[in-house]
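J.: need a 3D model of the sequence below.
(one chain, ligands or ions: 1)
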Amino acid sequence: MSQLQGEIISVGAPSSNLGDYVETYDNFSWEDVEKQFSWYETGKVNLAYEAIDRHVDAGKGDQIALRFNDPTRDETYTFGDLQAKSNQFANVLRSRGISKGDRVFVFMPRSPELYVSILAIIKVGAVVGPLFEAFMETAVKDRLEDSGAVALVTTTALLPRVKRKELPLLQHLFLVGKDIVPEKGVVDYYKEMELASPEAEIEWVNREDGLILHYTSGSTGKPKGVYHVHNAMLQHYYTGKVVLDLKEGDVYWCTADPGWVTGTSYGIFAPWLHGVTNVVRGGRFSPGDWYETIQKNKVSVWYSAPTAFRMFMGAGEDIVKQYDLSTLRHILSVGEPLNPEVVRWGYKVYGHRIHDTWWMTETGGQLICNYPSMPIKPGSMGKPVPGIHAAIIDDNGKVLPPHRMGNLAIRTPWPSMMRLIWNNAPKYEEYFRIPGWYISGDTAYMDEDGYFWFQGRIDDVINSSGERVGPFEVESKLVEHPAVAEAGVIGKPDPTRGEIIKAFISLREGFAPSEELKAEISRFVKEGLSAHAAPREIEFKDRLPKTRSGKIMRRVLKAWELNLPAGDLSTIED
Ligand code: WT7
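T.: Modelled structure (predicted):
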């Protein structure tokens with residue numbers, strides 16, 4: 001780890017809110033953030049109003065809220081358009097009796113209809129449950145069943161994956177598609193939208209009323225329903241300002257799907273709370289199409305994930321030169337460790353530092369981040385955002401000094417902290433088992449400057465011959481090797497060493513697997529990092545198992561290795 005430290009990329013960003021950060025950090029209070037909203041006075045709130053209608057009321061109805069592109073559609077919606085459309089769908093929902101507190105799920109690919117549906121569900125005070133479009137039958141059923149969802153918005157294409165007969169509580173299906181056959185409980189989305197009024201009352205709720213239910217996988221058991229409330233918007237708004245650096249006139253692109261928390265907190269809420277143009281791109285990853293999206297929409301702030309940046313790195317520098325990316329001002333990353341090599345590459349090729357941010361589905365918003373113009377130490381997640389107190393603690397709750405690895409923990413509460421695990425109080429309490437702290441399940445250490453360094457999930461840390469080895473550190477080194485596209489590292493039980501380090505590796509274009517290459521890669525780590533961190537075993541794979549948010553699923557690698565069942569795979573890519 002000493003190797004990753006010491007190196008600082010401290011170039012002033014061309015534009016940032018560092019001034020605000022410095023001013024507010026010492027006497028920061030969430031109350032000051034609240035005062036930016038009118039509901040500070042009334043106590044009655046609705047996030048959809050703050051994200052959309054408020055801007056129309058402020059005379060910005062003609063400004064562009066949504067730029068949608070996919071291989072078949074290219075559409076633009078103003079704040080006024082989204083207000084009218086979400087009102088229309090709110091009226092359709094109400095006509096079927098949907099009201100405050102109901103769980104209403106959305107299950108469809110990214111489309112303007114998806115964003116309109118989410119806003120409308122929130123507008124009527126219902127709790128939105130986003131499902132990723134690639135979920136298959138069981139994943140869909142588990143989530144609808146556990147949440148007791150009464151309605152689902154989906155497409156005709158995805159409908160076969162919804163086992164309606166097994167879901168007695170699911171009474172309404174809002175279907176987006178053509179030639180919809182009338183049937184009890186089935187509503188033709190486009191047809192009813194045409195008839196619905198563009199005026200609707202907003203359901204004013206309390207700040208602690210339900211907003212969204214995101215299901216996320218743990219290492220055991222079925223996925224957990226992480227429940228967030230309207231109050232979370234304080235975190236979305238504030239981090240949108242000091243971390244995403246959003247300003248009037250920005251064009252912002254978050255590449256995540258709303259099926260994952262990044263795609264809602266930062267793909268919907270933060271940008272629209274700031275009234276900026278939000279770019280949404282459907283379809284699959286392709287370096288050319290993604291760069292084209294930046295060029296065409298003149299994106300200024302770009303939030304993506306390490307897996308995407310690594311793929312860009314794999315695609316090389318030449319393709320970057322074919323596009324005009326000069327509108328970019330600020331680049332961020334989330335979801336898994338951002339390898340130092342990727343930060344260096346990004347700085348060289350994009351001319352911008354990629355800012356890592358750390359948070360989780362459960363935290364609802366960003367907590368530990370690299371601010372726009374703070375010095376970046378490549379490989380570090382950054383520092384806690386104002387209002388957040390993070391620490392490394394041991395299993396008894398004792399705060400550890402710098403450089404000691406332990407549980408990454410956050411002082412409770414903060415505005416976007418989850419308020420429930422749906423139907424599962426014991427699981428919820430596990431996170432808060434040490435009084436006053438939220439235990440993230442990640443291990444990390446803090447350095448003498450207050451930067452946090454991710455080490456792994458609690459169950460991923462490898463102990464080889466008494467040496468603690470963070471898999472991330474080894475993976476980061478591995479991807480620096482010219483032949484390595486991606487790497488996942490696990491501890492493999494070993495009778496003499498406790499565990500040995502085993503690496504699963506996918507190779508870059510133009511490299512063929514061989515025993516020589518294995519030896520060379522292992523030597524590369526040994527020489528570049530340390531002998532005890534070098535993989536004793538390497539296995540080449542065409543692709544590595546990853547979650548949709550791009551995290552290499554080490555537990556799947558481990559299960560392969562040990563011939564054990566891989567557990568819940570509902571979040572796996574493909
Ligand atoms: C876990 C949460 C919330 C965004 C999407 C992922 C890992 C997240 C980082 C980072 C290292 C990271 C952690 C965390 N993670 N960001 N910047 N560096 N690890 O949300 O699916 O709830 O996963 O992702 O292990 O606990 P999620």
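J.: quick one, phi/psi of residue 289?
T.: phi -60, psi -40 (degrees, to the nearest 10).
J.: that one contacts residue 283, doesn't it?
T.: Yes. The criterion here is Cβ atoms under 8 Å, and residue 289 meets it with residue 283 at 6.9 Å. From N, CA and C alone the C-beta is placed, and that goes for glycine too.
J.: who's in contact with the one residue in the stretch 1-150 of the chain that gets nearest to the ligand?
T.: Nearest residue of the stretch 1-150 of the chain to the ligand: residue 132, at 11.5 Å (Cβ to the nearest ligand atom). Residues in contact with residue 132 (Cβ atoms under 8 Å, 6 or more residues apart in numbering) are 257, 259, 260, 548, 571.
J.: can you pull the pLDDT of it?
T.: Note for residue 132: predicted pLDDT of 88.
J.: same question, the one 4 residues further on
T.: According to the prediction, residue 136 has pLDDT 78.
J.: isn't it right next to residue 161, touching?
T.: Yes. Counting by Cβ under 8 Å, residue 136 does reach residue 161; the two are 6.0 Å apart.
J.: which one of these two has more residues nearby?
T.: More crowded of residue 136 and residue 161, by other Cβ atoms under 10 Å: residue 161, with 18 against 10.
J.: how near is the residue nearest the centre of the chain to residue 373?
T.: Central residue of the chain (Cα atoms, centre = their mean): residue 262, 2.9 Å from the mean position. Distance, residue 262 to residue 373, by Cβ to Cβ, to the nearest Å: 23 Å.
J.: tell me the contacts of residue 395?
T.: Residue 395 is in contact with residue 407, counting by Cβ under 8 Å, 6+ apart.
J.: with adjacent residues omitted, what lies nearest to residue 87?
T.: residue 200 (3.8 Å; Cβ to Cβ, 6 or more residues apart in numbering).
J.: tell me how far the one you found lies from residue 84.
T.: 9 Å.
J.: dihedrals phi and psi, residue 288?
T.: phi -60, psi -50.
J.: ok, it - contacts?
T.: 319, 322.
J.: how close does it sit to the ligand?
T.: Shown here: residue 288 relative to the ligand, a distance of 25 Å by Cβ to the nearest ligand atom, to the nearest Å.
J.: so which helix or strand takes in residue 59?
T.: Using DSSP states H and E, residue 59 maps to neither a helix nor a strand.
J.: burial count for it?
T.: Neighbours of residue 59 (other Cβ under 10 Å): 8.
J.: over to the one 4 residues further on?
T.: The number of residues packed near residue 63 is 17, by other Cβ under 10 Å.
J.: now residue 320
T.: Neighbours of residue 320 using other Cβ under 10 Å come to 14.
J.: and the pLDDT for it?
T.: The model's pLDDT for residue 320 equals 97.
J.: on the three-state scheme, it is what?
T.: helix (DSSP: H, G, I helix; E, B strand; the rest coil).
J.: residues in contact with it?
T.: Counting by Cβ under 8 Å, 6+ apart, the residues that residue 320 touches are 291, 312, 349, 350.
J.: give the closest residue to the first one in space, chain neighbours not counted.
T.: By the measure of Cβ to Cβ, 6+ apart, the closest residue to residue 291 outside its immediate chain neighbours is residue 323, 4.0 Å from it.
J.: contact partners for that neighbour?
T.: By Cβ under 8 Å, 6+ apart, residue 323 lies in contact with 291, 292, 294, 295.
J.: equivalent analysis for residue 354, please.
T.: Counting by Cβ under 8 Å, 6+ apart, residue 354 has contacts 309, 331, 332, 333, 338, 342, 343, 346, 347.
J.: how many neighbours does the residue lying closest to residue 157 once chain neighbours are set aside have?
T.: Nearest non-adjacent residue to residue 157, counting by Cβ to Cβ, 6+ apart: residue 177, 7.0 Å away. Neighbourhood size, residue 177 [other Cβ under 10 Å]: 16.
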